[in-house]
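K.L.:
Sharing a model prediction with you, sequence too.
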Amino acid sequence: MTHKRTLIADAIVKKLKGKTIAGDNVAYSYTVKPSMTQMPIILVYNISETFEELSQAPRELRRNLFISIEAIADGSDDVEMTIRIDELADQIEQLIAQDDTLNCTVDDIVLNGVQFQYEGDESESPIGSCRMSYLVKYREFMPRDQIETDDFNSIGAKWDISPEGEPDGDFEAEDIIDFDN
């Protein structure tokens, strides 16, 4: 069974692929793939996740997934690189904001923070990245997989009836309630 985090990342990749200046250079990965030879590039990966119990029977968890969508771009100079990163980041923000449930995959996805990083010197083309952290809220029942159990077809019942109203430990009646009939 595929974990919901993977389904969420796949939905983000599908939403972005071919719809930004990165084209098809979008991957669910922490590192650039060999097939992604040209920049700009978009990487989608999980950062952390927290949990909150919503109910106990059945156990339902609210999951708060922090996921990173990292836009990486280069340029002939700092100005061109910065413009490309800003353009790519804006395209990502707009596409995610258009569907804040990722086609009903999650309860909500909202931009939580942005970090920038730049590399390069005068002898090489500058490369920069815009790492956008999104908070993704979704719910999940636990356990996810159905556990095979015996059928619940009957239950035993005992009655302790005392004239004083307090149970005395002597059962006056016993019965088996059958649910198959």
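P.N.:
That came through, no problem. Here the structure is a predicted model, which means the values were calculated and not measured. Numbering: from 1, shown residues only.
K.L.:
Check what contacts the worst-scoring helix or strand of the chain on mean pLDDT and list those residues.
P.N.:
Ranking every helix and strand in the chain by mean pLDDT, DSSP states H and E puts strand 154-159 at the bottom, with a mean of 78. The contact list for strand 154-159, computed with C-beta atoms under 8 Å, 6 or more residues apart in numbering, reads 171-180. C-beta: built from backbone N, CA, C; applies to glycine.
K.L.:
can you check stretch 1-18 too?
P.N.:
22, 24, 26-28, 42, 44-46, 49, 63, 65, 67, 69, 92, 95-96, 99, 102-103, 105-106, 136, 138, 140, 144-145.
K.L.:
Just the buried subset of those, please.
P.N.:
Among the contacts of stretch 1-18, the ones that count as buried by 16 or more other C-beta atoms under 10 Å are 22, 26-28, 42, 44, 46, 63, 65, 67, 69, 92, 96, 102, 105-106, 136, 138.
K.L.:
Longest helix in this protein, please.
P.N.:
Ordering each helix of the chain by length in residues (DSSP state H) puts helix 78-98 first.
K.L.:
Kindly spell out which helices and strands sit in contact with it.
P.N.:
With contacts taken as 3 or more C-beta pairs under 8 Å, 6 or more residues apart in numbering; DSSP states H and E, helix 78-98 sits against helix 4-16, strand 59-74, strand 108-119, strand 127-142.
K.L.:
can you list contacts of that helix?
P.N.:
Contacts for helix 78-98 (C-beta under 8 Å, 6+ apart): 12, 15-16, 19-22, 40, 42, 69, 71, 73-75, 109, 111, 114, 116, 118, 120, 125-130, 132, 134.
K.L.:
repeat that with 7 Å
P.N.:
Applying C-beta atoms under 7 Å, 6 or more residues apart in numbering, the external contacts of helix 78-98 come out as 15-16, 19-22, 40, 42, 69, 71, 73-75, 109, 111, 126-128, 130, 132, 134.
K.L.:
I'm done for today, thanks for sticking with me.
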